[in-house]
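In: below: sequence and its predicted model.
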Amino acid sequence: MINITEANKKVVEAFMEARPVVVGTAKAIEVIPGMHKDLFLHAGPPITWERMAGPMKGAMVGALIFEGRAKTAEEANKLLESGQIKFAPCHEHASVGPMAGVISPSMAVFIVENKTHGNKAYSGMNEGRGKVLRMGAYSTEVIDRMKWLNDVYAPTMDAALKSAGGVDIRSLLGKALHMGDDGHNRLDAASLLFTTTLAPHIAKVAKDAATASDVVRFMGENALTILNPVMAACKTMTDAGANVEGSTIVTVMARNGTDFGIRVSGLGDRWFTGPAGQVKALYFPGFTVNDANPDIGDSTITETAGIGGFAMATAPAIVTFISGTAKDAVQTTMDMYEITYAEHKYFTIPFLEFRGTPTGVDIRKVVEKSMLPRVNTGVAHKDPGVGQVGAGVVTPPMNIFEDALVAFAEKYGI
Amino acid sequence: MAVIKAQIRTGVYYDSAVLMQLQRSLANLPGVGDAGVIMGTDTNKELLERIDLVSPEVTASRENDLVIVVRADNEKTADEAIAKVDELLTAKKATTETNVRPKSIEAANEILPESSWVLISVAGRYAARVARQALAVGKHVFLFSDNVSVEDEISLKAEAAEKGLLVMGPDCGTAIVSGIGLGFANKVRKGPIGMVAAAGTGLQQVSSRIHQLGSGLTFGIGTGGRDLSEKIGGVTFLMALDVLTRDPETKVIVLVSKPPAPKVAEEVLRVARKAGKPVVVNFIGRTPISRQVGNLYFASGLDDAAAIAVELAKNPPAPYVAPELGLKRFAKGQKYLRGLFSGGTLAYEAQHLLTEYLPKVYANAPINKDNKLKDALVSVEHTIVDLGEDEFTVGRLHPMMDNELRIRRLLDEAKDPEVAVIMLDVVIGFGSHEDPASELAPAIAKAKDVAKKAGRYLEVAAVVTGTEEDPQKLSAQIEPLKKAGAWVSTSNEEVVRYVGSILQGLNAVATVEKPAATPIDLAVLKKPLEAINIGLESFYDNLKVQGTPTVHLDWRPSAGGNEKLIGILERMKKYE
């Protein structure tokens, strides 16, 4: 007979004891398990080309142009419709991607290694805010930046990371949470820590001074520089707790812009999906809710691991996303304690007397209390090619937790 | 010799202020000379070198490593100090934030860990589940909600009894704990009187009157109106009575209820008799037969109950000492009374008084027709026969003049192995037999002998009615009866209460005792009240006004009220 308590304990222990270190970069096809030249990974649960959201379609078009397999959007679309290009969720290939989350075979990815359990996870280079591929933009400017990231930035990062002996993400995040980051939407502190840690090594390993200068400037200007390594780090944490018999802890929360999907440790690789929600957001000048695509991206892996929206109480600087008061930020975190299994050992919240962040979403608690996980997220334009239009908060649909609970009862004969 | 021990933890980050505090806590441990808790940067390591707090591990540490190093009197102390680190790092402090509205009892409990009460006033169909959650975290429950099923009430109270917790209710309107009113309650001063009430406004009326009369309450414990029904069996009532019995500050106990189920009433009174302090009883609408029996005081109404209680608290009576009943003398299986009367009124009064002791007494001239003997010649269980009734006097003298029939019946009853006590009346004076004792005393001796030979003890108790000036002379009648072994008194009531007490004692021993509830922890009950409120916000406001630390739960029905999901969640609890 299963013991849910023991199983869950095992899962959250694995989440917390995982010690992800970002060790280098490489081309996706060289390192991601199961990657091949026609496979294009995307965020969220599985999806067909027909049901794919605008920003994800845009990112796929951009990726084909980037790969040199299409010259124009029309060419790319034809190829994508032909069925020759295969799609799969990043999550099914030890990877994660923000927003559209598209990873194509020759894209450079960070390699994050969990030193405790030995598993690895991968995520691409972050392009910064605004018009970017992950938001579905594919203009020349976007593709050019992708090429620079792949050809200049990534190799420099790889050498710098090796020179530094890797960067310990768990330790760095613990510190960043005390500097006002939530670990998802606000990564200003973490990105700066990452930049200052690597800068001396970049100076040492870069091809020339100009390259070093470009790379360090790009890192310093992009408050989301560390988002992808952080996501991959969270992925190694939750993967370490995946597939534990009898556990009701959620190991994946991810959206593809059409569906929101979760996976539960005790239910293996099965996805439970429902419609992706509309983000309650603040919009960039000139955009409104009518421009917004529904919830998209794998970045909810941060909340899955116990930070992001769950650590809202530690990030008062971004309370504007939720209503503007620090009290609501605290309430958000307090609410998340209600649906999680543990308090994080290493991620703590000074304002709550250094209480650990709420960690390990328990489907039992979500269903019982009708309380959903709170996710902090960016918002993409609903049409391909435009990009980010705002940021805010969102929750998954309730039915996926209910479905998972019913499936759990069926699987274990409860 | 001092030893230096170090532990390195890779990949953790703590703010330097936290580490400094930890360092101070470690250094303050007995036997620890010095301690360093730092991140392994070069600057920090230099600091440690300066105070000679280094080891090879410390030197090898890197800037992302947490270094814990102690110098202690011996190895064991050093290890123990290092082992303390996690405890110190995770030590929980009370959250400063009190405006937060938790969504579950567990979360509310984190905010108010000292609370020992949960007030529940959610819709009835959810109430039992919420109450169960409260019991699961070890809280007493004030259950205001109504429409809770009897089955749920039974299971809730069984669980509570096992844990030594109170479930007041369902449908409990009122309680007073540590001077604080829960639900609907009056501002009643603290004082020496403890109340248990299965009637909400009854509690309010009596406690208010007690206050008006200048006294006050230790506790006013509500039980809900159904508690004293046969199905529930007075679980809460009895637990409350027990805790008030043990509370030294409660000098007088008041029990108020609408008339309980007879069996439950009997049990409540049995326990009350053992309280060792005065217990005032008012079962509303039931006229008391006697004013006082031992330590029990029967009030004629709510106002009377308050007045008696206040008086008893002011002028405590001498502690009541129960008479020695000698229950051990009886053999197993002896449990019935047979009353063989010559006087109709004495027989009638005996039946009436015995209602306070025995559930049912059969008679040929019964006080109510349900108790009518089918055959006056054949006794059934507890039986009182009036041998002066017409059926016995046809063709023979009245038993006050002729003892023959009574003596024959006395010897018959003595042979019955289930008979423990036989009661007789001896009425003398003009017109009666010239010397009844001369015939009855040898018969009594013989009856007792019959029982003795069969390995039993038979108690014979007699009331003698008459005066010294009577032709038979009162003392001359009493003397031989006593010599024959009878227990004799000139008061019918005294004899009835004596035999009533014996039979009550024998029958209580004979019935299977219910598994005893775990006693309520008196110390917890007497703590200043802190509570979690679920449901009506006005109850939360009331507690706040009374200065009570309270958390109001932002409650919603489990799983949105979806029965299938609720069922799964319930069943999953077996796998926890």
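Out: Alright, I've got the coordinates. Not measured: the values here are computed from a predicted model.
In: where's B:Pro442 relative to B:Val419, distance?
Out: Noted for B:Pro442: a distance of 19 Å to B:Val419, by CB to CB, to the nearest Å. (Each C-beta comes from the backbone N, C-alpha and C, glycine too.)
In: more crowded one of these two?
Out: Using other CB atoms under 10 Å in any protein chain shown, the more surrounded residue of B:Pro442 and B:Val419 is B:Val419, with 24 against 13.
In: so residue 33: helix, strand or coil?
Out: In the absence of a named chain, chain A is used. coil (DSSP: H, G, I helix; E, B strand; the rest coil).
In: sorry, should have said chain B
Out: strand.
In: does it touch B:Arg71 like I think?
Out: Yes - with contact defined as CB atoms under 8 Å, B:Gly33 reaches B:Arg71; the gap is 4.3 Å.
In: between those two, which one's more packed in?
Out: Each of B:Gly33 and B:Arg71 has its neighbours counted (other CB under 10 Å); B:Arg71 has more, 21 against 16.
In: need phi/psi at that one.
Out: Its backbone dihedrals place B:Arg71 at phi -110, psi 120, with angles given as degrees, to the nearest 10.
In: and what of A:Ser95?
Out: phi -130, psi 170.
In: pLDDT value on the closest residue in space to it that isn't next to it in sequence, please?
Out: Among residues not flanking A:Ser95 along the chain, A:Tyr122 sits closest, at 4.5 Å (CB to CB, 6 or more residues apart in numbering or on different chains). Per-residue pLDDT puts A:Tyr122 at 98.
In: and if you look at B:Ser16?
Out: 68.
In: what does the one 5 residues further on give?
Out: In this prediction, B:Gln21 carries a pLDDT score of 76.
In: how deep is it tucked in, by neighbour count?
Out: Residues within reach of B:Gln21, counting by other CB under 10 Å, total 15.
In: mind checking which helix or strand it is in?
Out: Secondary structure assigned from DSSP states H and E places B:Gln21 in helix B:16-27.
In: same question, A:Val22
Out: Under the assignment here (DSSP H and E), A:Val22 is part of strand A:20-27.
In: circling back to that earlier point, which neighbours do B:Gly33 and B:Arg71 share?
Out: In terms of CB atoms under 8 Å, 6 or more residues apart in numbering or on different chains, B:Gly33 and B:Arg71 are both contacted by the residues B:Ala2.
In: next, the contact list for the closest residue to chain A within chain B, please.
Out: Closest to chain A within chain B is B:Tyr13: 3.4 Å, counting by CB to the nearest CB. Counting by CB under 8 Å, 6+ apart, B:Tyr13 makes contact with A:Arg170, A:Ser171, A:Leu172, A:Leu173, A:Gly174, A:Lys175, A:His178, A:Tyr346, B:Met39, B:Asn64, B:Leu66.
In: please verify my assumption that A:Val216 contacts A:Ala199.
Out: Yes - here A:Val216 reaches A:Ala199: they are 5.4 Å apart, a contact under CB under 8 Å.
In: which one's more surrounded, the two?
Out: A:Val216 (20 against 16).
In: hang on, that one is in a strand, isn't it?
Out: No - counting by three-state DSSP, A:Val216 is not part of a strand but helix.
In: alpha carbons only: can I get stretch B:286-304 in CSV?
Out: Provided in CSV are the C-alpha atoms of stretch B:286-304 (Å, rounded to 0.1, in the frame of the first residue of the first chain):
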residue,chain,number,x,y,z
ARG,B,286,-39.3,17.9,35.6
THR,B,287,-40.5,18.6,39.2
PRO,B,288,-37.9,17.4,41.6
ILE,B,289,-39.1,14.8,44.1
SER,B,290,-36.7,15.9,46.8
ARG,B,291,-34.8,19.0,47.4
GLN,B,292,-31.5,17.4,48.3
VAL,B,293,-30.0,14.0,48.0
GLY,B,294,-26.5,13.7,49.3
ASN,B,295,-24.4,16.3,47.3
LEU,B,296,-27.2,16.8,44.7
TYR,B,297,-29.5,19.7,45.0
PHE,B,298,-32.6,19.6,42.8
ALA,B,299,-33.9,23.0,41.7
SER,B,300,-37.4,23.7,40.7
GLY,B,301,-36.4,26.0,37.8
LEU,B,302,-33.6,28.1,36.3
ASP,B,303,-33.9,30.9,38.8
ASP,B,304,-34.0,28.5,41.7
